[in-house]
Structure formats: C-alpha cells, structure tokens
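Participant: I'll drop the sequence and a predicted model, then ask my questions.
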Amino acid sequence: MQKDHIYADPLGHIQDFCFDSAVVDVFPDMIQRSVPGYQTIIQTIGKLTQRYQQADSNFYDLGCSLGAATLAMRRQITVPGCQVIGVDNSAAMVERCTSHLQAFRSDVPATVLLADIRDTAMENAAMVVSNFTLQFLAKEDRARLIERIYQALKPGGIFVLSEKIIETDQTTHELLIDLHHDFKRANGYSELEISQKRTALENVMRPDSLVEHKARLSAAGFQHISLWFQCFNFCSMVAIKAGGRQ
Ligand SMILES: Nc1ncnc2c1ncn2[C@@H]1O[C@H](C[S@+](CC[C@H]([NH3+])C(=O)[O-])CC(=O)[O-])[C@@H](O)[C@H]1O
Ligand SMILES: O=C(O)C(=O)Cc1ccccc1
C-alpha cells in the first residue's frame, strides 16, 4: 500500500481537496489513517448486507471511491437476482475501482458508474450506502438526495449513512476535533500534514450535526433511525424504511 505524503511538504498555496489520481494512489492508506473506525464500518456494512439483503434487488454504494463498501456488500449477498452499483464522479477513482473489483471473483454482478450521485437514477434497492460522501455535496442538495434514496428503497430496505459531524456544543466540538487530530498524529501524520489537509478540506467538506442528519432522514420518510457508531467526530447511522420484514 502506497503511503500518503500529499501534505507532507509545505505548500505555498493550498488548493481545495479533490479526488484526483495523486489521492487515488494513496487513498487506502489515507482513509485508514484519517477516519477512526473505518474498518469497523466497512465490516458492519457487510454484516448489515447479510441481514437486509432481499432477492432481485439493487445495492448502491454512493461515492464508492475504490469500492471498499461495494466489495463488502457483494461478498455477503447470497440471495438471487442482486447487483451492486457503485457511483463516483471522480474519473480516477472509477478507473481504479473498476480494475480493483475485477480482481475479485464473484457471481454477483458489480458495476461502477462515473456519475454525479445527484443525477443517478436509483430504484428497487434493498440497501443504499453513503460512506463519508454526503458531506461533500453542497448543503442545499442533501435533502433531495436523501428523499431520492428513501424513494429508491424497497419496504424494509436500509440506508447506511456515515459522516464526519459537528457538535452543537462549542466546547465538545473542539474536544472531538482535538481527539481526531491526536488519532492522526498517532497514525504518523505531522502537524503540517494535519493543518494543510484541514485547510484543503475547509471549502469542500461541510459536516452537519447529528440533529440535522436525523431531522433530514426523518423528513424524507425514514421510520427507524439510529446512530450505530461514533468515534470522535466520525459516525455512522442506519435508517430503515418501514414495511417488508418490519
Ligand atoms: N457528487 C458526487 N457524486 C459522486 N461521487 C462523489 C460526489 N462528491 C464526492 N464524491 C466521491 O465521494 C467519495 C468520498 S470518499 C468515500 C469513501 C468510500 N465510500 C469508502 O467507503 O471507501 C470519503 C473521503 O475520502 O472522506 C470520493 O471518491 C468522491 O469522488
Ligand atoms: O482527513 C480528514 O481530516 C478527514 O476528515 C477524512 C478524510 C479522509 C480522506 C479524504 C478526505 C477526508
């Protein structure tokens, strides 16, 4: 695995973070060392697939990057007539993801689409995953996407939403950010790497609070909403559409 040194040297001008080929090359290392609980979340997406799979359904991975969640879902599907669809709007990610998926044998078809998740048609879904992707959309586009996910799900279908979050309390907000920075330091990132990446993300990644997420999920129609994981300012939620096996 190639190590992430993208922000190791001082940059005169720090450009907005983007998922280009330099990021693609180091992405598995970057996400592993930057997101507390990433591996647990990917494993749990697999466990949720075992439980929530329904025959003859689609499984969507929105902002699939290199397909970690796509693969986690595909590995666990045992019912007939299913397919996994990964979507990402970074050409570099989609290219690498496609070749990565081909390296694993499976009877379940998986497709990777180069598209914006705001324009991708979704239907007949047993499961939709947005693993740290919604936070990159413009705030005004988020509610419509969540509504479209709700509409695309079958009764009893599940949406897994993982996000970086902000606290509404300023004191604990700063504490959780500090603890995240400690986590990055412990994973070998320098002060310069931490601060330059923070600047690069400022304009492109705008986290919501848990209250905002839950209100949006509820407004879209989800009847069962829970936070199932949180470590510092990173979390994952499940939202289930009523019906089916409920
Ligand atoms: N509008 C958009 N349309 C499509 N893709 C988008 C859009 N905006 C951003 N992306 C894509 O969303 C992904 C976010 S990374 C997801 C990790 C992955 N889920 C994982 O489980 O490893 C999260 C992170 O790096 O913090 C990138 O690949 C973007 O190109
Ligand atoms: O690195 C960070 O501070 C993050 O918030 C997580 C992250 C991980 C990978 C790409 C972009 C953001």
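Facilitator: Great, that's in hand. Computed from a predicted model, the values in this text were never measured in an experiment. Ligands and ions are numbered 1, 2, ... in the order given.
Participant: Am I right that residue 36 sits in a strand?
Facilitator: No: in this structure, residue 36 is coil, not part of a strand, as judged by DSSP: H, G, I helix; E, B strand; the rest coil.
Participant: List the contacts of it.
Facilitator: Applying CB atoms under 8 Å, 6 or more residues apart in numbering to residue 36 gives the contacts 180, 183, 231, 232, 234. No exception for glycine: its C-beta is placed from N, CA and C like everyone else's.
Participant: average model confidence for stretch 101-117?
Facilitator: Taken as a whole, stretch 101-117 has an average pLDDT of 96.
Participant: What segments of this structure are strands?
Facilitator: In chain order, the chain shows strands spanning 58-62, 83-88, 110-114, 125-131, 153-166, 208-209, 224-231, 234-240, with DSSP state E as the criterion.
Participant: out of the contacts of residue 36, which one sits closest to residue 133?
Facilitator: Checking the contacts of residue 36 against residue 133 by CB to CB gives residue 234 as the nearest, at 13.4 Å.
Participant: which of the contacts of residue 36 tops the neighbour count?
Facilitator: Sorting the contacts of residue 36 by how many neighbours each has (other CB atoms under 10 Å) puts residue 234 first, at 22 neighbours.
Participant: Please determine how far that one is located from ligand 1.
Facilitator: Distance of residue 234 to ligand 1, computed by CB to the nearest ligand atom, to the nearest Å: 10 Å.
Participant: Same question for residue 78.
Facilitator: Relative to ligand 1, residue 78 is positioned 22 Å away (criterion: CB to the nearest ligand atom).
Participant: what's the nearest residue to that residue if we skip its chain neighbours?
Facilitator: residue 53 (7.0 Å; CB to CB, 6 or more residues apart in numbering).
Participant: can you tell me which residues contact the one you found?
Facilitator: Residue 53 sits next to 59, 76, 77, 78, 79, 82, 126, 127 when contact means CB under 8 Å, 6+ apart.
Participant: and the first one, how many neighbours?
Facilitator: Other residues lying near residue 59 total 28 when counted by other CB under 10 Å.
Participant: Check the last one too.
Facilitator: Under the neighbour criterion other CB under 10 Å, residue 127 is assigned a count of 27.
Participant: Now for it: which residues touch it?
Facilitator: Counting by CB under 8 Å, 6+ apart, residue 127 touches 48, 49, 52, 53, 57, 59, 60, 73, 157, 158, 159, 160.
Participant: Quick check: nearest residue in space to the fifth one, chain neighbours excluded?
Facilitator: Taking CB to CB, 6+ apart, and ignoring the residues beside it in sequence, residue 57 has residue 126 as its nearest neighbour in space, at 3.7 Å.
Participant: these two touch, right, the one you found and residue 54?
Facilitator: Yes: counting by CB atoms under 8 Å, residue 126 does reach residue 54; the two are 4.1 Å apart.
Participant: sorry, back to before: relative to residue 121, which of the contacts of residue 127 is nearest.
Facilitator: The nearest member of these to residue 121, counting by CB to CB, is residue 60 at 10.4 Å.
Participant: Look up how far residue 69 lies from the residue in the chain that ligand 2 sits nearest to.
Facilitator: Among residues of the chain, the one nearest ligand 2 by CB to the nearest ligand atom turns out to be residue 34. It sits 3.4 Å away. Taking CB to CB, to the nearest Å as the measure, residue 34 and residue 69 are separated by 16 Å.
Participant: So the two - more neighbours on which side?
Facilitator: residue 69 (30 against 19).
Participant: that older thread, so who does the residue of the chain closest to ligand 2 touch?
Facilitator: 184, 187, 189.
Participant: Having no further points to raise, I will conclude here.
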